[in-house]
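In: Below is the structure, and that's it, no one-letter string:
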DNA sequence: CCCACGACTTGAACATGTTCAAGTGGTGTG
DNA sequence: CACACCACTTGAACATGTTCAAGTCGTGGG
């Protein structure tokens, strides 16, 4: 917008011949910001505080990040990677669909747990459809794809037998469900967010059962109907 | 919070002995704000502009509304009532579950349609869990109950035969689904939001079918499982 | 070696949501 | 009728995200 460095960030190091110094400052600002967010919360952390703490001018932060919200993207990306790592062990150990899914979901909550108190605060940023932080936005596309890939792994690495059509759609559906869990989690005020844990433990067997049932003859038309709906809705414009 | 008039608003006229003048000013400010929101969008409308246009001081707006976001609650309540009215005709005409539900959902979109462009802008306000504007918040409880009541009407006024347990839970589940539709609608950039219409037309028969199927013996355990999950998750803390 | 370019940095200025101490005026009471 | 109370109103002051014109400085080309 302002002819300034795009927010594409880390996963794209082959852009302009960025001098090393610049990247260093960028990281410094990001680190500082995330630390302050963790320590004081998102709203309570002012851009001035971030700049001061990082030892730069406030305008400098805006040279690297289009807005305060854009700093969250860093958090976003980081957690995505952490989720992948945390899910690793279950995905190599378990072979059945249910425990694989359960493990991945719990791992996701584990990873986010330390940030629950302020995740809620900046969650609103992600909710705005026009925001680049929205999980459905173009800018979030890489992170989204990476997240969906985890669920593809959950499905493909499992022994579950299922309709090929469903198999194709399931990862994205599970990701959507995961978004729902996150939404629930953000609103969850129970101690340790145990309601979210209960939700996961209750929903996984249910999903597992429904996936099994979907092979029943009586349910065949229903399944086709579901898949047709997805198809219809997905078509843009 | 500031010992100031609570935001309970219109549905509670039997509060403090509010002088007529006050209520008048309150309405004036609200009308002006909603008009400007519609004309220029939410973000582009400044509190100063609202005050100026309404011919009052900016501080006066804050005497009646705790924040700019609180002005949205007015919009919220109003649309709730409009939805009820718009749904009336289908609910008296149709007797089958599917068309009743379909009619109510389409009516809801109809009512919101004129505000789509800026609904997205302030949607973020509603998304923040701590915000009184959240559909799950205590403050939204009356509006939420009213909305659920519509869906209770959809179910109870229909000829559909269903498990009594499910019957009890269905209205709230349908409301939750409605929230999902709204979420989809907010993100829907297709012309006239036709994808949302397609979603409704596709999902309603599906729900109808699933409700019917739920009476099948094979699916009995699955239904029980669903209901048990709801029960478990609902328990606070 | 010098210079020009452009990446990088600065901090004051700006826009806007919000607060607050100081009124203003109508009304019920002595 | 005068007074005190209190609902209501005011606008300047404040906090904070964001912008921008003006630097600073290292580096590659002449």
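Out: Happy to help now that I have it. In this text, all values refer to a predicted model and were calculated from it rather than measured experimentally.

In: where does chain A dip in pLDDT?
Out: Regions of chain A meeting the criterion pLDDT under 70 cover residues A:1-20, A:122, A:237.

In: so how far is residue B:21 from the residue of it found nearest chain B?
Out: Closest approach between chain A and chain B, counting by CB to the nearest CB: residue A:127, at 3.3 Å. All C-beta atoms are positioned from the backbone trio N, CA, C, and that covers glycine. Separation of residue A:127 from residue B:21 (CB to CB, to the nearest Å): 38 Å.

In: and what of residue A:236?
Out: With the distance defined as CB to CB, residue A:236 ends up 52 Å from residue B:21.

In: Was I right to think residue A:34 contacts residue A:74?
Out: Yes. Look at residue A:34 against residue A:74 with CB atoms under 8 Å: they come within range, at 6.3 Å.

In: Which of the two has more residues huddled nearby?
Out: Using other CB atoms under 10 Å in any protein chain shown as the criterion, residue A:34 and residue A:74 rank with residue A:74 on top: 21 against 18.

In: name the element the more buried one belongs to?
Out: Taking DSSP states H and E as the definition, residue A:74 sits inside helix A:70-93.

In: If you count contacts, what does the helix or strand that that helix is followed by end up packed against?
Out: Where DSSP H and E defines the elements, the next helix or strand beyond helix A:70-93 is helix A:97-112. If you count contacts as 3 or more CB pairs under 8 Å, 6 or more residues apart in numbering or on different chains; DSSP states H and E, helix A:97-112 packs onto helix A:70-93, helix A:141-156, helix A:164-187, helix A:194-213.

In: For residue A:179, list the residues it contacts.
Out: Contacts here follow CB atoms under 8 Å, 6 or more residues apart in numbering or on different chains; on that basis residue A:179 touches residue A:135.

In: And it, how far from residue A:144?
Out: Using CB to CB, residue A:179 is found at 10 Å from residue A:144.

In: overlap in contacts of those two?
Out: Joint contacts of residue A:179 and residue A:144 (CB under 8 Å, 6+ apart) are residue A:135.

In: And stretch A:156-168, what's buried?
Out: A:158, A:160, A:162-163, A:166 (16 or more other CB atoms under 10 Å in any protein chain shown).

In: Please apply the same query to stretch A:98-114.
Out: For stretch A:98-114, by 16+ other CB under 10 Å, it's A:98-109, A:111-112.

In: With distance to residue B:230 added, can I get those in TSV?
Out: Compiled in TSV, the buried residues of stretch A:98-114 are given as follows (distance: CB to CB, whole Å):
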residue	distance to residue B:230
A:98	20
A:99	23
A:100	24
A:101	20
A:102	19
A:103	24
A:104	23
A:105	18
A:106	21
A:107	25
A:108	22
A:109	20
A:111	27
A:112	24
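
In: tell me the contacts of the closest residue to residue A:86 other than its chain neighbours?
Out: Spatial nearest neighbour of residue A:86, excluding adjacent residues (CB to CB, 6 or more residues apart in numbering or on different chains): residue A:107 at 4.0 Å. By CB under 8 Å, 6+ apart, residue A:107 lies in contact with A:83, A:86-87, A:90.

In: try 10 Å
Out: Going by CB atoms under 10 Å, 6 or more residues apart in numbering or on different chains, residue A:107 touches A:82-91, A:150.

In: Give me the buried subset of those residues.
Out: A:83-84, A:86-87, A:90-91, A:150.

In: Just list what the host helix or strand of residue A:119 packs against, helices and strands only.
Out: Element membership for residue A:119 (DSSP H and E) is helix A:116-127. In terms of contacts (3 or more CB pairs under 10 Å, 6 or more residues apart in numbering or on different chains; DSSP states H and E), helix A:116-127 is packed against helix A:20-40, helix A:70-93, helix A:164-187, helix B:116-127, helix B:164-187.

In: Show me what from chain A comes close to DNA strand D.
Out: Residues of chain A found near DNA strand D (CB under 7 Å from any atom of the strand) are A:2, A:19, A:43, A:45-48, A:58-59, A:62, A:66-69.

In: Mark which of those residues are buried, thanks.
Out: When those are checked for burial by 16+ other CB under 10 Å, the buried set is A:45, A:47, A:62, A:66, A:68-69.

In: Mind picking the two most distant members of these?
Out: Farthest pair in those (CB to CB) is A:45 and A:66. Separation: 17.2 Å.

In: What about residue A:199, how many residues nearby?
Out: 21.

In: okay, the buried residues of stretch A:156-168 in CSV with distance to residue A:137 next?
Out: CSV is the format used below for these (distance: CB to CB, whole Å):
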residue, distance to residue A:137
A:158, 30
A:160, 32
A:162, 30
A:163, 31
A:166, 27
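
In: Just the closest of these to DNA strand D, please.
Out: Checking these against DNA strand D with CB to the nearest atom of the strand, the nearest one is residue A:166 at 42.4 Å.

In: so who does the closest one touch?
Out: Contacts of residue A:166 by CB under 10 Å, 6+ apart are A:155, A:173, A:211, A:214-215, A:223-224, A:226-227.

In: And the furthest pair within these?
Out: Longest span within those, CB to CB: A:155 and A:224, 19.2 Å.

In: These two: which has the busier surroundings?
Out: Neighbours were counted for residue A:155 and for residue A:224 using other CB under 10 Å; residue A:155 has more, 21 against 13.

In: Distance of the residue nearest to the more buried one when sequence neighbours are not counted relative to residue B:150?
Out: Of all residues not flanking residue A:155 in the chain, residue A:170 sits nearest, at 5.1 Å (CB to CB, 6+ apart). The spacing between residue A:170 and residue B:150, counted by CB to CB, is 33 Å.

In: If we ignore the residues flanking it in sequence, what's nearest residue A:208?
Out: residue A:98 is the one closest to residue A:208 (CB to CB, 6+ apart), at 4.1 Å.

In: Nice, that's everything, thank you.
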